[in-house]
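Trainee: my questions are about this predicted structure, shown below with the sequence.
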Amino acid sequence: MGISRATFARIYESARRKIAKALVERKEIKAVYGDVYFDRDWFICQSCMAKFTLPNREILLCPICKSENINSLLKL
Ligand SMILES: [Zn+2]
């Protein structure tokens, strides 16, 4: 990659901390480079703003607050 192992480790650790913080604080994670695709359908709950996937598409409920007011993230 043209950078030292120590530099790579610092960049990786910084990214890991930012992503962990974003997940805990429910912030959006935006990709800076390249296209992003979802391996599964992701949904957002309009009641509690949780973002999640559903293993069973037959039951469209928020796993956090059980609200039925959810939307696909791909349609936003
Ligand atoms: Zn919810």
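Mentor: Looks like it came in fine. Residues are numbered from 1 along each chain as shown.
Trainee: phi and psi next, for the nearest residue to Asn71 once chain neighbours are set aside.
Mentor: Closest residue to Asn71 apart from its sequence neighbours, by C-beta to C-beta, 6 or more residues apart in numbering: Ile44 at 5.7 Å. C-betas here are computed from N, CA, C, even on glycine. Ile44 has phi and psi values of phi -130, psi 130 when expressed as degrees, to the nearest 10.
Trainee: ok, Ile44 touching Ser67?
Mentor: No: the pair Ile44 / Ser67 is not scored as a contact, 10.8 Å apart, by C-beta atoms under 8 Å.
Trainee: have a look at those two and say which one is more surrounded.
Mentor: Between Ile44 and Ser67, Ile44 has the larger neighbour count (other C-beta atoms under 10 Å), namely 18 against 14.
Trainee: for the more buried one, give the beta-bridge partners.
Mentor: Beta bridges link Ile44 to Lys51, Asn71, judged by DSSP bridges.
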